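Peer 1: sequence unavailable; structure follows:
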């Protein structure tokens, strides 16, 4: 789990799991390129890394725009000369509504960030790794990519698509020395889960959150660092024979079947 001298590129690194991953990689010696559309939060993450003695750069980007994605790839190469690990993490939750009533524009927005954004990341990072003859990619999917979740049709569809992209890419680049995996978090204690619980019941978001936690075998939401640790493992040499896989980090939620009735799936 030593990343000394390695270059790690992380999208959606301004907060939540992305920030936890940035800090986790940095403490293990990695040079970290922080990407986020929110300049303040992205700069904050890079600043924390530097305050702790690490090496980090921030690049503002909208992951749905090919030019922005090409720019963050170029920025990483200009700064550090390589991309050893890519955590393709940026994503949004969308709104809560039945499929028969779901807003079409919101559906398009969720798919643009969660699917197009992941695709563009792969599209422009993989050629770099192919030239290098090495690399590890982890895409953020969700347990919503494995099971259904009522009232989140766009999110569920998008995360199923991320797992599909992961499997397709892993089969294409394995012989180039590149591994591509996905991480599937359950409810994680970040902004996203609190946004979802508030949408479900604005008058009692805390009550909704409490009921979700009661249904999780370990009895609580996961922490961002717990997902980040799995991402770091998947990017490490310890995972050298793992590719095309999806790792569930959900406190046992899907193992007990509870996710089927849970509209709050995860948090980037």
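Peer 2: It's in. As the structure is a prediction and not an experimental result, all values here were calculated from the model. Residues are numbered from 1 along each chain as shown.
Peer 1: where does this structure have low pLDDT?
Peer 2: Within the chain, the segments meeting pLDDT under 70 span 258-268.
Peer 1: could you pull out the helices for it?
Peer 2: For the chain, the helices defined by DSSP state H occupy 16-27, 39-51, 66-80, 104-111, 117-132, 153-173, 191-200, 205-215, 224-235.
Peer 1: for residue 89, give me phi and psi.
Peer 2: Per-residue torsions, residue 89: phi -110, psi -20 (degrees, to the nearest 10).
Peer 1: what sits against residue 224?
Peer 2: 16-17, 19-20, 188-190, 267 (Cβ atoms under 8 Å, 6 or more residues apart in numbering). (Glycine included, C-beta is placed from N, CA and C.)
Peer 1: apply 6 Å and report the result again.
Peer 2: Shown in contact with residue 224 (Cβ atoms under 6 Å, 6 or more residues apart in numbering): 16-17, 20, 188, 190.
Peer 1: which one of the residues you listed has the most neighbours?
Peer 2: residue 17 (32 neighbours; other Cβ atoms under 10 Å).
Peer 1: report the separation between that residue and residue 10.
Peer 2: Applying Cβ to Cβ, to the nearest Å, the value for residue 17 to residue 10 is 9 Å.
Peer 1: one more: residue 214?
Peer 2: As judged by Cβ to Cβ, residue 214 and residue 10 stand 32 Å apart.
Peer 1: which of the two has more neighbours?
Peer 2: residue 10 (30 against 10).
Peer 1: grab the nearest non-local neighbour of that one.
Peer 2: residue 87 (4.3 Å; Cβ to Cβ, 6 or more residues apart in numbering).
Peer 1: go on, residue 103?
Peer 2: Nearest non-adjacent residue to residue 103 (Cβ to Cβ, 6+ apart): residue 95, at 6.5 Å.
Peer 1: quick one on the thing from earlier: now the helices of the chain as CSV including distance to residue 145?
Peer 2: Converted to CSV, these look like this (distance: least, Cβ to Cβ, whole Å):
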stretch, distance to residue 145
helix 16-27, 15
helix 39-51, 25
helix 66-80, 21
helix 104-111, 13
helix 117-132, 11
helix 153-173, 3
helix 191-200, 15
helix 205-215, 18
helix 224-235, 14
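Peer 1: among the ones you listed, which comes closest to residue 60?
Peer 2: Closest approach to residue 60 among the helices of the chain (Cβ to Cβ): helix 39-51, 5.0 Å.
Peer 1: appreciated, that's everything.
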